[in-house]
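Novice: my questions are about this predicted structure, shown below with the sequence.
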Amino acid sequence: MIAALGAGALIVTAYLVGSAGFGNASAIIYLLAFVIGGYAKAKEGITETIRNKTLNVEILMILAAIGSAAIGYWTEGAILIFIFAVSGALETYSMEKSRKEISALLNLKPEEAWRLKEDGSTERVAVADIRIGDSVLVRPGERIPVDGQILNGISSIDESAISGESLPLEKGRDQEVFAGTVNLSGALTVRVNKHSSDTLFQKIIDLVEEAQSQRSPSQQFIERFESTYVYVVLGIVVLMLFLPHYLFGWDWTTTIYRAMVLLVVASPCALVASIMPATLSAISNGARHGVLFKGGSHLESLSSIKAIAFDKTGTLTEGRPAVTDLIVRDGLDRKETLSLLGTIESLSSHPLAVAIQGFAEQEGAGLLKGVEIRDVPGSGLEADWEGNTYRVGKPGFVGKAEAAAFADGALERLGNEGKTVVFLRDEDGILALAALKDTLRPEAAEALRSLHALGIRTVMLTGDNEQTAQAIAREAGIDEYTAECLPETKVSRLKELEKEYGPVAMIGDGINDAPALATASIGIAMGDGTGVALETADVVLMKNDLRRLPYARSLSAKMNRIVKQNVIFSISVILILVLTNFLQVIDLPLGVLGHEGSTILVILNGLRLLKNEN
C-alpha cells in the first residue's frame with residue numbers, strides 16, 4: 001500500500017513537471033512510478049505465470065502500461081499501474097487478516113499437562129508426549145488437556161468450547177471429558193483415551209483449516225475468466241500487429257499504432273474499478289451500521305443466501321441463565337424465602353447460583369446473617385440457620401417425588417419449557433423453586449420475522465438438549481432445529497442444508513461454532529463472541545443486533561446490482577472502443593479518454609453505496 005501511494009504521489013509530480021515543460025524529467029519520474037507501483041504486481045504476475053504455466057491479468061496490465069508509455073502516453077500507463085497496485089494491496093491485507101483464526105484457535109489448545117507417575121507424584125509434560133492409558137491430574141480452574149475418562153473426582157465442567165451448552169455439566173467417575181473444556185470446581189484424575197492429535201478440540205482446528213482451504217465457486221470462475229481474458233486480448237493484439245497491413249493495406253506505422261491503442265483500450269481498468277470502489281463503499285456503509293464485512297466476496301454472496309443457521313447460546317439467547325419463575329409454598333413470605341435461597345447460593349460461583357443471587361438483589365431480598373453453608377460436591381448446597389437444615393439443588397438432591405409434586409407438578413411444566421429448576425427445602429418438605437433459563441435476545445424474534453419476510457429459511461443448531469432447543473425454537477419462531485450438536489454435527493448439518501437450499505449462512509459466537517462458521521457459505525459472528533469465532537467468521541455483527549441481518553442482505557443485493565451495472569457498462573465501453581479503433585474512427589487520445597472516462601463513471605456509480613441508508 002505504501003508503494004502504491006508513493007506511485008500515486010510520483011504520478012502527480014510527473015504530471016506537474018511535464019506541464020511545466022520538463023518532458024525528460026517528467027518521463028523519468030513516471031518511470032519511477034512504474035517501478036515503485038508496479039514491482040509487487042509484476043513480480044506476482046511473472047511468478048504465477050512461471051509456476052502455473054498460464055498468463056494472468058497482471059501480465060496484461062504490465063504490457064498495457066508499457067504499451068502506453070511506448071507510444072508516449074506515460075500518464076495513462078502510470079495510472080493503470082497505480083489502480084492495480086492499490087487493489088492488490090487491499091487484497092493482500094484482507095487475505096493476511098483472514099489467516100489469523102488458526103493461530104487464535106491454537107492459542108486455546110492446552111500445551112502441557114500434569115501426568116501422574118506410579119508413585120502418585122505428578123510431572124509437568126507436553127501434551128504431545130502423553131500416551132493413551134496415561135493418567136493426568138486436572139486442578140480446579142484448569143483447561144482439560146486431553147480427551148479421556150474420569151477415574152476420580154467430581155466437578156462442574158464448562159463444555160461451551162465444544163458443545164455450546166450454556167450451563168456447566170456435573171461429571172464424575174467413568175464419565176467422558178474433552179480437551180479444551182474447563183474444570184470449574186473439583187480436582188479430577190483423567191485416564192487418556194485419545195492421542196492429542198485425535199482429540200475433539202483438534203478436530204475443530206482441522207475442520208477450520210479444511211474449510212478455509214476450499215475455494216469458492218466464484219473465485220474459481222474469476223480465475224478461469226482471467227486466464228481466458230488475457231489470452232484473448234493478447235491474441236488479438238498480436239494479430240493486429242501485422243494482419244491489417246496485409247489484409248487492409250494499412251502502412252506499418254498505422255498498424256503498430258492501432259495495435260498499441262488496442263492494448264490500452266482493452267486493458268481492464270474500468271472492469272477492475274467496477275467492483276472495488278462499490279465493494280469498499282458498501283463495506284464502509286455496513287461498518288457505520290454495525291456490520292463488519294471482512295471482504296467483498298462475503299458481501300457479494302450474502303444476497304444469494306436462502307437459509308441461515310443459528311447457534312442458540314449467545315446468539316439467539318443472552319448466553320447466561322436468568323431466573324424466570326419463583327414459586328414459593330403457600331403461607332410463606334416470598335421475600336424472606338428468596339433471601340434464604342439467595343444467601344445459601346452466595347457460597348457458590350456456579351452460573352445458576354450467580355443468577356439466583358442477582359435475582360434476589362433485584363427483588364430487594366438481602367442476605368441473611370448466621371447461615372452456615374456447606375458444599376456437597378456433585379449434588380448441591382446444605383445450610384443450617386436458626387436450628388433448621390436446608391438443602392438447595394436439583395430434584396435428585398432434595399427428593400425427586402416431592403420435587404415432582406410441588407406446586408401441582410410445576411417441575412414437568414417448567415422442564416417442558418426448557419428451564420432448569422433449583423429447589424429449596426427443609427426437613428419438612430419443599431419450600432420454593434426457582435426456574436432458570438438462557439433467555440431469548442429481545443430483538444431475536446423481530447429479526448427472524450424480517451428474515452422470513454425475505455423468504456429465508458431459519459434453522460437452529462444447538463448443543464442443548466431437545467426440550468431446551470424446542471422451547472427456544474418455539475419462542476423465537478425458528479423454522480426448524482437440531483439439538484445436542486457437537487461441532488462436527490453442526491458441520492454435517494450445514495452441508496445437508498446447502499444441498500437442500502444452496503448457499504447457507506451460519507451465525508454463532510463460540511469456539512465450538514468455528515468449524516461451522518468456516519464451512520458455511522457465509523460465517524457470521526456476534527460482536528461479543530470469542531476471538532476464534534470473530535476471526536473465523538466472514539461477517540461480524542459488531543453491536544450484537546440480529547436485526548442487522550436483513551439490512552446486511554439488502555446492502556448486498558444493492559451492491560450486486562451496482563456491480564452488474566458497472567461490469568456491463570465497462571465491457572460495453574471496451575467493445576465499442578475496440579471496434580472503433582479497428583475502424584480507425586478514434587485515435588489514442590480519444591481511446592484513452594473513453595477508457596479512463598468509463599473508469600471514473602463506474603467508480604462514481606460505486607460510491608453511491610456510501611449513502612447513509614439504514
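Specialist: Ah, there it is. Numbering: from 1, shown residues only.

Novice: list the contacts of D198.
Specialist: D198 makes contacts with D147, as judged by Cβ atoms under 8 Å, 6 or more residues apart in numbering. Every C-beta, even on glycine, is put in place using the N, C-alpha and C of the backbone.

Novice: oh, that last question was meant for F82, not what I typed.
Specialist: Neighbour list for F82: 4, 7-8, 11, 33, 37 [criterion: Cβ under 8 Å, 6+ apart].

Novice: most neighbours, which of these?
Specialist: Using other Cβ atoms under 10 Å as the contact criterion, the top neighbour count among the contacts of F82 goes to G37, which has 30 neighbours.

Novice: in this structure that residue contacts A85, no?
Specialist: Yes - contact status for G37 versus A85: in contact at 4.4 Å, counting by Cβ atoms under 8 Å.

Novice: helix or strand for I562, which one?
Specialist: Following DSSP states H and E, one finds I562 within helix 548-582.

Novice: give the other helices and strands that that helix contacts.
Specialist: Helices and strands touching helix 548-582, by 3 or more Cβ pairs under 8 Å, 6 or more residues apart in numbering; DSSP states H and E, are helix 252-265, helix 269-273, helix 276-288, strand 291-293, helix 296-302, helix 444-453, strand 539-541, helix 588-607.

Novice: need the residues that contact the last one.
Specialist: For helix 588-607, contacts defined as Cβ under 8 Å, 6+ apart pick out 68, 71, 73, 76, 79, 83, 257, 260-261, 264-265, 267, 269-270, 273-281, 562-563, 565-566, 569-570, 573-574, 576-577, 581, 586.

Novice: just the buried residues of those.
Specialist: When burial is judged by neighbour count using 16 or more other Cβ atoms under 10 Å, the buried members of the contacts of helix 588-607 are 68, 71, 73, 76, 79, 83, 257, 260-261, 264-265, 267, 269-270, 273-281, 562-563, 566, 569-570, 573-574, 577, 581, 586.

Novice: can you confirm A525 is in a strand?
Specialist: Yes - when classified by DSSP: H, G, I helix; E, B strand; the rest coil, A525 is found to be part of a strand.

Novice: if we can go back for a sec, which stretch among the helices and strands packed on helix 548-582 is buried most, on average?
Specialist: Each of the helices and strands packed on helix 548-582 was scored by mean neighbour count; the highest is strand 539-541, a mean of 24, by mean count of other Cβ atoms under 10 Å.

Novice: that strand pairs with which strands, and in what direction?
Specialist: strand 291-293 (antiparallel), strand 522-526 (parallel) (DSSP bridges).

Novice: what about the stretch 251-400 of the chain, any weak spots by pLDDT?
Specialist: Judged against pLDDT under 70, the low-scoring parts of the stretch 251-400 of the chain cover residues 269, 272.

Novice: can you get me a residue count around L169?
Specialist: Look at L169: counted by other Cβ under 10 Å, it has 15 neighbours.

Novice: list the contacts for it?
Specialist: For L169, the residues meeting the contact criterion (Cβ under 8 Å, 6+ apart) are 156-157, 159.

Novice: hang on, the earlier thing: between G37 and A85, which contacts overlap?
Specialist: The contact lists of G37 and A85 share 3-4, 7, where a contact means Cβ under 8 Å, 6+ apart.

Novice: and those, which of them are in helices?
Specialist: Among these, the residues falling in helices (DSSP state H) are 3-4, 7.

Novice: pipe the residues you listed into TSV and attach pLDDT and distance to A128 per row.
Specialist: Output for the ones in helices among the shared contacts of G37 and A85, formatted as TSV (pLDDT from 0 to 100; distance: Cβ to Cβ, whole Å):
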residue	pLDDT	distance to A128
A3	84	42
A4	81	44
A7	83	48
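
Novice: among the helices and strands packed on helix 548-582, which is nearest R173?
Specialist: Evaluated with Cβ to Cβ, the helices and strands packed on helix 548-582 place helix 444-453 nearest to R173, the distance being 39.4 Å.

Novice: residues making contact with the next helix or strand after that closest one?
Specialist: Beyond helix 444-453 in the direction of the C-terminus, DSSP H and E gives the next helix or strand as strand 457-461. Among residues not part of strand 457-461, those counted as contacts by Cβ under 8 Å, 6+ apart are 306-312, 316, 448, 451-452, 469, 472-473, 476-482, 485, 489-490, 493-494, 497, 501, 506, 516.

Novice: likewise for stretch 118-126?
Specialist: With contact meaning Cβ under 8 Å, 6+ apart, stretch 118-126 is reached by 111-117, 137.

Novice: ok, back up a step: out of the strands paired with strand 539-541, flag the one nearest F178.
Specialist: Counting by Cβ to Cβ, and looking across all of the strands paired with strand 539-541, nearest comes strand 522-526 at 22.3 Å.

Novice: so the closest one versus helix 548-582, what angle?
Specialist: Angle of strand 522-526 versus helix 548-582, following axes from the mean of the first three to the mean of the last three Cα atoms, to 10 degrees, is 140 degrees.

Novice: now strand 522-526: average pLDDT?
Specialist: Average pLDDT, strand 522-526: 88.

Novice: scan the helices and strands of the chain for the one with the lowest mean pLDDT.
Specialist: Lowest by mean pLDDT, DSSP states H and E among the helices and strands of the chain is helix 100-107, with a mean of 51.

Novice: how about A434, phi and psi?
Specialist: Dihedral angles phi and psi of A434 (degrees, to the nearest 10) take the values phi -120, psi 130.

Novice: show me what contacts it?
Specialist: For A434, the set of contacting residues under the criterion of Cβ under 8 Å, 6+ apart consists of 323, 325-326, 341, 356, 359, 421-422, 424.

Novice: tabulate the strands paired with strand 539-541 (a markdown table), appending distance to G399.
Specialist: Conversion of those to a markdown table gives the following (distance: least, Cβ to Cβ, whole Å):
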| stretch | distance to G399 |
| --- | --- |
| strand 291-293 | 51 |
| strand 522-526 | 40 |
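
Novice: so which of those strands gets nearest A404?
Specialist: Of all the strands paired with strand 539-541, it is strand 522-526 that lies closest to A404, at 37.3 Å by Cβ to Cβ.

Novice: which stretches in the stretch 351-500 of the chain count as helices?
Specialist: According to DSSP state H, counting those that start in this stretch, the stretch 351-500 of the chain carries its helices in the segments 351-362, 395-398, 400-416, 444-453, 466-476, 487-501.

Novice: how about those helices in a markdown table, adding distance to V539?
Specialist: Converted to a markdown table, the helices of the stretch 351-500 of the chain look like this (distance: least, Cβ to Cβ, whole Å):
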| stretch | distance to V539 |
| --- | --- |
| helix 351-362 | 29 |
| helix 395-398 | 43 |
| helix 400-416 | 35 |
| helix 444-453 | 14 |
| helix 466-476 | 20 |
| helix 487-501 | 16 |
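
Novice: among those, which is nearest V540?
Specialist: Ranking the helices of the stretch 351-500 of the chain by proximity to V540 (Cβ to Cβ) places helix 444-453 first, at 15.8 Å.

Novice: what residues does that closest one touch?
Specialist: The list of residues contacting helix 444-453 from outside it, by Cβ under 8 Å, 6+ apart, reads 308, 316-317, 458, 475-479, 545-547, 549-550.

Novice: do the same with stretch 14-29
Specialist: 10, 13, 30, 33, 74-75, 78.

Novice: please name the nearest non-neighbouring residue to E475.
Specialist: In space, E475 comes closest to L440 once its chain neighbours are excluded; the distance is 5.5 Å by Cβ to Cβ, 6 or more residues apart in numbering.

Novice: looks like that neighbour contacts A473 (just checking).
Specialist: No - applying Cβ under 8 Å as the test, L440 and A473 come out as separate, 10.4 Å apart.
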